[in-house]
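*Asks:* here are the coordinates; sequence isn't available:
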């Protein structure tokens, strides 16, 4: 059974994951408005992945006999200065999420909840991947340029991102 403190923290993380999905969906709307279908597709797949992250935590809380409590989701930004700025905001957001997951893992260790710590190690690894992926996109934009032909090529590349696999089927 989860401690009340850990259950509350997991519920907050569920909310944070839903906010992440909402934020990326706002980026989809912004990028679609700019006719950057590939960039919008990448953000849409990211929004779906964040939703799956929330569901994984949701199911875990229930499985451990806890009670999920959903909170209001804050309104995300709807405009960025450029497509690059949207990806920079995505990287900044992922860094915040990494910090949140680290604090949650620290709490699981403090609470001596090995099962929750085990679950959170998946999220720790996932956050490394999340940050690296967005950072890679930004580095490519640095090389190619974030306007004109460079942005066109990046947009075309990002259109190929596959749909996220449901986490329970991914073996996690």
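*Replies:* Ah, there it is. No experiment lies behind these values; they were computed from the predicted model shown.

*Asks:* any idea of the pLDDT on residue 1?
*Replies:* For residue 1, the model assigns a pLDDT of 88.

*Asks:* ignore the last one, residue 169
*Replies:* Looking at residue 169, the pLDDT reads 45.

*Asks:* what about the most centrally placed residue in the chain, helix or strand, and which?
*Replies:* The centre of the chain sits closest to residue 50, judged by C-alpha atoms, centre = their mean, with a distance of 4.4 Å. Assessed by DSSP states H and E, residue 50 sits inside helix 37-63.

*Asks:* tell me which residues of that helix are tucked away?
*Replies:* 38-58, 60-61 (16 or more other C-beta atoms under 10 Å). All C-beta spots, glycine's among them, are computed from the backbone N, C-alpha and C.

*Asks:* burial of the closest residue to residue 54 other than its chain neighbours, as a residue count?
*Replies:* Leaving aside its sequence neighbours, residue 54 sits nearest to residue 17 (C-beta to C-beta, 6 or more residues apart in numbering; 3.6 Å). For residue 17, the neighbour count with other C-beta atoms under 10 Å is 24.

*Asks:* now for the helix or strand hosting residue 17, which elements pack on it?
*Replies:* Assigned by DSSP H and E, residue 17 belongs to helix 4-33. Applying 3 or more C-beta pairs under 8 Å, 6 or more residues apart in numbering; DSSP states H and E, we find helix 4-33 packed against helix 37-63, helix 83-110.

*Asks:* now the helix holding residue 50: how far from the chain's centre is it?
*Replies:* 7 Å (C-alpha atoms, centre = their mean, to the nearest Å).

*Asks:* Hey, what's the angle from it to helix 4-33? Just curious.
*Replies:* 160 degrees (axes from the mean of the first three to the mean of the last three C-alpha atoms, to 10 degrees).

*Asks:* how about residue 78, what does it touch?
*Replies:* By C-beta atoms under 8 Å, 6 or more residues apart in numbering, the residues touching residue 78 are 26, 29-30.

*Asks:* Just the buried ones among those, please.
*Replies:* 26, 30.

*Asks:* any idea which of the contacts of residue 78 is closest to residue 151?
*Replies:* Set against residue 151, the nearest of the contacts of residue 78 by C-beta to C-beta is residue 30 (14.1 Å).
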